[in-house]
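K.L.:
okay, here's the prediction I keep looking at, along with the sequence it came from:
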Amino acid sequence: MIPRVRRIAALCALGAALTACGTAGGGRPAPAASSASPSAAGPPVLAPGPGGLTPVFEHGPRTRGKTVALTFDADMTADQGPRAASGEHFDNPGLIGALRELKVPATVFMTGRWAEQYPAEARDLGRDPRFEVANHSWSHYAFTADCYGLPTVDSGADAMRAEVQRAYASLRKAGVPKAMPYFRFPGGCYDRQALRALSGLGVTAVQWDVVSGDAFATDADAVVKQVLDGVKPGSVVVLHCTRSAAPTTERVVRTVVPQLRGRGYRFVKVSELIGQTAGNR
Ligand SMILES: [Zn+2]
């Protein structure tokens, strides 16, 4: 499968979950027929695979310069509300502050549950052009069985689609004006059935090629090493934006960013890597 990139008004393809769809064109709904036009505005997405299967993006081109995308999963699972209420922090304002201070663009994959817990932070991220906010499901339940012990989404394509649409609705309600048409599976777990379930939503599934290992890490140096050893041109690095489960991430970022810049890397958002993929084909 060779995914082709198309620039479409991808948010429109997400359907009813995204009423912000029409606002890009000056407040009027964009005509559906023009959504496939190469000149139509909208984030770059990969074209669907055979049979309309949701496309999967793992990294950008290796030969288009030293770019790297840091991605941060804002995880919160549906049943963690009581833990948040008792003082556990699923957000990480210090990390976001570090990214701003270091002038690092980044892509945040946010669960709908996180946006509901931290609406001001979600809105702040969604309105800052340095960041792009994408979809990490509503509940952070797994889309396959046996995924790192995560609870599993109810079986059936409708439940999977509803997870994505409900997350977009939560992001929009929190004040994220233009959530990206990118979806990261909870735990990164997917199979053909999950890709088929999400087909028609217009999303590109975004995985990664560098695992930072920041989840539940206590040794920042080990995470730093893993990132520095793993990054290649076009890499997508997965990290987390939650103090509770990834307490070293701010320190990791403060160390990794200057070192990668010293090696000639430029930080970009996932959309830029997907756009570069377009130019490569
Ligand atoms: Zn996650």
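P.N.:
Thanks, I have it. Numbering: from 1, shown residues only.
K.L.:
return the distance of the longest helix along the chain from the chain's centre.
P.N.:
When the chain is parsed with DSSP state H, its longest helix is helix 157-174. A distance of 14 Å separates the centroid of the chain from that of helix 157-174, by Cα atoms, centre = their mean, to the nearest Å.
K.L.:
is the residue nearest the centre of the chain in a helix, a strand, or coil?
P.N.:
Closest to where the C-alpha atoms of the chain average out (Cα atoms, centre = their mean) is residue 109, at 3.3 Å. Classification of residue 109 by DSSP: H, G, I helix; E, B strand; the rest coil places it in strand.
K.L.:
okay, now residue 73: neighbour count?
P.N.:
For residue 73, the number of neighbouring residues by other Cβ atoms under 10 Å comes to 28. Where C-beta positions appear, they are placed from N, C-alpha and C, glycine not excepted.
K.L.:
quick check: it vs residue 53, distance?
P.N.:
Here the criterion is Cβ to Cβ, to the nearest Å. By it, residue 73 lies 23 Å from residue 53.
K.L.:
now do residue 216
P.N.:
Computed as Cβ to Cβ, the residue 216 to residue 53 distance reads 32 Å.
K.L.:
how about residue 192?
P.N.:
In this view, residue 192 and residue 53 are 7 Å apart by Cβ to Cβ.
K.L.:
those two: who's more crowded?
P.N.:
Taking neighbours as other Cβ under 10 Å, residue 192 and residue 53 compare with residue 53 leading, 15 against 11.
K.L.:
what sits closest to that one if chain neighbours are left out?
P.N.:
Nearest-residue entry for residue 53: residue 195, 4.9 Å, with adjacent residues in sequence omitted and distances by Cβ to Cβ, 6 or more residues apart in numbering.
K.L.:
next, give phi and psi for that neighbour.
P.N.:
Residue 195 has phi and psi values of phi -60, psi -40 when expressed as degrees, to the nearest 10.
K.L.:
which residues does it contact?
P.N.:
Counting by Cβ atoms under 8 Å, 6 or more residues apart in numbering, residue 195 touches 49, 53, 54, 56, 205.
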